[in-house]
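Peer 1: Next come a sequence and a model predicted from it.
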Amino acid sequence: MTKVRNRWLRPRDGDGPAGPADGGGQVPGRGDRIAPTELDVCLRACAVHSGKMVGSLDRRRAELAEKLRLVLAVHATGAGDGAPAGPAAAPLIRRAAKKVVAGAAATGSLSGELLDALLAVGNKALECGYADELQLSLLISDAVLTQRKNSRAGWRLRARTLEAMGDEPATVAAYERYLALTEEDGFGVAPRIAGLRTGGAKQDEILRLLERGCPQASVYADGPATDIWADGVALHEAGDRAGAEARLIGALLAMRGDGSPVTDLQVSIGQYLDLRLSHGGPVEETRQLAVLYGEMRRNRQRGPVPDPTFGDVQWLTLGEFRNQIAGRSICLIANSQSVGRGSLGPEIDAYDLVVRFNSYKIDAAATGRRTDIHTSIHKHGFNWDQKVTTRLIFGGLGNDWKNSLRNRLVPGAQTYVNDESLRWPLRNIGRVGNDAWPAIPTSGFNMLWLLDFLDVSPKLDLIGFDFYESGAYRLKEAMRMPITSVHEYTSEKAWVMERAQSVTDTRISLR
């Protein structure tokens, strides 16, 4: 007999990643209507939560504790209320001045550095996945949006948090607010919205099909879902298939009626299908349910994919990439102001292969026109729609990398895409571990290391690689993202200079 854990007998907070019913349930109202939250309320919550993290053995919570300490340190310097705090308190990137939201300045304004620090806490709390952390992430998004009602990062954090909590209508509303404020959908929010809506429609089809197939389930649709489900499981184990069926489906209908988080309802539908498959049932109806369930899960996870083959893309192995670049001159173009202010466009286009990174920006006179190889971290979707011969997507975690490829690849925008042999060159090919290189390697460094390792190009030049000393030169939307601190640009620069054959103000030649 198949044993199915009762979804409503949930772990206590801290026992494991918690769904919304562990204290992070659906949030009343729409996702684009925030709960006004003063900055000092948010900071007090961060301080209290920091105390809870002491001695935690959970790696994610330990990382969250570090982010919380940074927020409190930034606030202690006075950066949170706009007071000067020396060079260390300067924002990570320049931000255009914004109007102060009416009523938001009563407890101090939100500086660029404190904004970055709070968003980092919110994102790390969301990654933890526990109920307390989800509530903290939501509180941070409320505080940020109270101070800066048009913060793109704030709306995106809010949407992702609501999605983790299982409040799908509010999630879509928050994502739509984000889209209304942005020009380039580098995070793939539009297909995310489409996927959530399609997944919700498939869920409704499943419940309607179950309701039609078992009319007696309506008797239980108004009762407490937890108790009804438990009764259904008990009857199933006792061999009463008909009684179990009515109660299990009734519990699912009750969940729909009381607005249970879609994450809970989706899991419960999966558990019902497991039970149904264990004892059989009408074959055609079961097949329809299985198909709808798969479509529901797939769309919520990755959004609709109009062309599963992505335009007959060819998957590129390490050896095939070596053959593709062998004997050809290559230039790598940095996303730096020194490139954007220059006039090397014609020289750049004269190389056999032009490599650009992540959110590169094209200005023909300064940057050149061609892009043969686009290299990007999997987390961002900037320029994935730009037509190139080869797209190399890097990522440290295999499952996340695969999910990004499924979500972000644009059919027909590339001929070749790297397979997993080229997913994370420094770590996976070079076997360079965290002990030898503690920082996360940038996309540029991964690509540069790979080309140096293969050593088949007679000319290998880096143009504009000043490691952001001149500032960033990227697509408009990407310019609002901070230059992340998880990379170690000093070490990457030292590695490059050790191998440089010649160095000018604009060009570093490794071959």
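Peer 2: Alright, I've got the coordinates. What you see is a predicted model; the values in this text were computed from it and never measured. Residues are numbered from 1 along each chain as shown.
Peer 1: Could you measure from the residue nearest to the spatial centre of the chain over to residue 502?
Peer 2: Nearest to the mean C-alpha position of the chain, by C-alpha atoms, centre = their mean, lies residue 379 at 5.8 Å. Per C-beta to C-beta, to the nearest Å, residue 379 is found 34 Å from residue 502. All C-beta atoms are positioned from the backbone trio N, CA, C, and that covers glycine.
Peer 1: shouldn't residue 413 be in contact with residue 381?
Peer 2: No. Using C-beta atoms under 8 Å, residue 413 is not in contact with residue 381; the gap is 11.2 Å.
Peer 1: Those two: which has the busier surroundings?
Peer 2: More crowded of residue 413 and residue 381, by other C-beta atoms under 10 Å: residue 381, with 22 against 18.
Peer 1: Identify the residues contacting the more buried one.
Peer 2: Going by C-beta atoms under 8 Å, 6 or more residues apart in numbering, residue 381 touches 185, 186, 187, 188, 404, 407, 408.
Peer 1: State the distance from the last one to residue 386.
Peer 2: With distances taken as C-beta to C-beta, residue 408 is found 12 Å from residue 386.
Peer 1: the more surrounded of these two?
Peer 2: residue 408 (23 against 15).
Peer 1: so which strand or helix has the closest residue in space to that one that isn't next to it in sequence?
Peer 2: Of all residues not flanking residue 408 in the chain, residue 381 sits nearest, at 4.5 Å (C-beta to C-beta, 6 or more residues apart in numbering). Counting by DSSP states H and E, no helix or strand carries residue 381.
Peer 1: Report the separation between residue 381 and residue 51.
Peer 2: Look at residue 381 and residue 51: by C-beta to C-beta, they are 38 Å apart.
Peer 1: looking at it, residue 426 is touching residue 436, isn't it?
Peer 2: No. With contacts counted by C-beta under 8 Å, residue 426 stays clear of residue 436, the gap being 9.7 Å.
Peer 1: more neighbours, those two?
Peer 2: Taking neighbours as other C-beta under 10 Å, residue 426 and residue 436 compare with residue 426 leading, 23 against 9.
Peer 1: in a helix, that's where residue 44 is, yeah?
Peer 2: Yes. Using DSSP: H, G, I helix; E, B strand; the rest coil, the assignment for residue 44 is a helix.
Peer 1: Show me what the host helix or strand of residue 274 is packed against.
Peer 2: Using DSSP H and E, residue 274 maps to helix 262-279. Judged by 3 or more C-beta pairs under 8 Å, 6 or more residues apart in numbering; DSSP states H and E, helix 262-279 is in contact with helix 189-213, helix 225-238, helix 241-257, helix 283-302.
Peer 1: can you tell which of those is closest to residue 491?
Peer 2: Across these, residue 491 has its closest neighbour in helix 189-213 (33.6 Å, C-beta to C-beta).
Peer 1: what angle separates that closest one from helix 283-302?
Peer 2: 160 degrees (axes from the mean of the first three to the mean of the last three C-alpha atoms, to 10 degrees).
Peer 1: Please state the offset of helix 189-213 from the chain centre?
Peer 2: In this view, helix 189-213 has its centroid 22 Å away from the chain centroid, taken as C-alpha atoms, centre = their mean, to the nearest Å.
Peer 1: Other residues contacting it?
Peer 2: Helix 189-213 is contacted from outside by 156, 159, 163, 168, 171-172, 175-176, 178-179, 182, 217-218, 249, 252-253, 256, 262, 265-266, 269, 282, 285, 288-289, 292-293, 295-304, 407, using C-beta under 8 Å, 6+ apart.
Peer 1: same for the strand ranked longest in the chain, what does it pack against?
Peer 2: Among the elements of the chain assigned as strand by DSSP state E, the one spanning the most residues is strand 388-394. In terms of contacts (3+ C-beta pairs under 8 Å, 6+ apart), strand 388-394 is packed against helix 318-325, strand 373-377, helix 398-408, strand 414-418, helix 443-454.
Peer 1: name the helices or strands packed onto the third one?
Peer 2: Spelled out, that is helix 398-408. helix 283-302, strand 388-394.
Peer 1: Off-centre distance for the first one?
Peer 2: Here the centre of mass of C-alpha atoms in helix 283-302, compared against the chain's by C-alpha atoms, centre = their mean, lies 25 Å away.
Peer 1: contacting residues around that helix?
Peer 2: For helix 283-302, using C-beta under 8 Å, 6+ apart, the contacting residues are 191, 194-196, 198-199, 202-203, 205-206, 209-210, 213, 262, 266, 269-270, 273, 276-277, 280, 403, 406-407.
Peer 1: again with the shortest one
Peer 2: Strand 388-394 is contacted from outside by 316, 321, 324, 371-378, 384, 401, 404-405, 409, 413-418, 422-425, 443, 446-447, using C-beta under 8 Å, 6+ apart.
Peer 1: I am finished for the moment; much appreciated.
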